[in-house]
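Novice: sequence unknown, structure follows:
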């Protein structure tokens, strides 16, 4: 199986972080274009996160077959789902505020965004540990072969 998961995870990571940064800029400078950019990068980041979760589930089967500790895989998987669900909740909050169904509270939204980035960071850290500490996705048969 081709390692699609490590190819796609970087997009949602970047987009979700950038989304919160644009919202912080919108709070500071009260410019609608920053707010809109934050909104649309959140949606794009969530779409990418769905792809990352799906490809991660596929990659998990391969990693289990290579002897990667299941406990670490399960932690990474749970964190991946938590990241996706948290940012979906952030989108729901964003939509409720955008549709004026609840009062807009930028400080709450930014605080939640920072928590989301923290969850995302831990998810990425554990994913990196799977690769660099346990060799997930590393093809040892090619080691020492010139490119």
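Specialist: Cool, the structure landed. Note that this is a predicted model, so its numbers are computed, not measured. Numbering: from 1, shown residues only.

Novice: what's the average pLDDT for the helix or strand hosting residue 118?
Specialist: Residue 118 is part of helix 106-132, with elements assigned from DSSP states H and E. Helix 106-132 shows a mean pLDDT of 95.

Novice: other SSEs contacting it?
Specialist: helix 10-29, helix 70-98 (3 or more Cβ pairs under 8 Å, 6 or more residues apart in numbering; DSSP states H and E). Using the backbone N, CA and C atoms, a C-beta is placed for each residue, glycine as well.

Novice: Relative to residue 107, which of the ones you listed is closest?
Specialist: Set against residue 107 and scored by Cβ to Cβ, those come closest in helix 10-29, at 7.8 Å.

Novice: Packing partners of the helix or strand just after that closest one?
Specialist: Using DSSP H and E, the helix or strand that follows helix 10-29 towards the C-terminus is helix 32-65. Packing partners of helix 32-65 (3+ Cβ pairs under 8 Å, 6+ apart): helix 4-8, helix 10-29, helix 70-98.

Novice: Would you mind finding the most buried of the helices and strands packed on helix 106-132?
Specialist: Stretch with highest mean neighbour count among the helices and strands packed on helix 106-132: helix 10-29 (a mean of 18; mean count of other Cβ atoms under 10 Å).

Novice: Check what contacts it and list those residues.
Specialist: 31-32, 34-35, 37-39, 41-42, 44-49, 51-52, 83, 87, 106-107, 109-110, 113-114, 116-117, 120, 124 (Cβ atoms under 8 Å, 6 or more residues apart in numbering).
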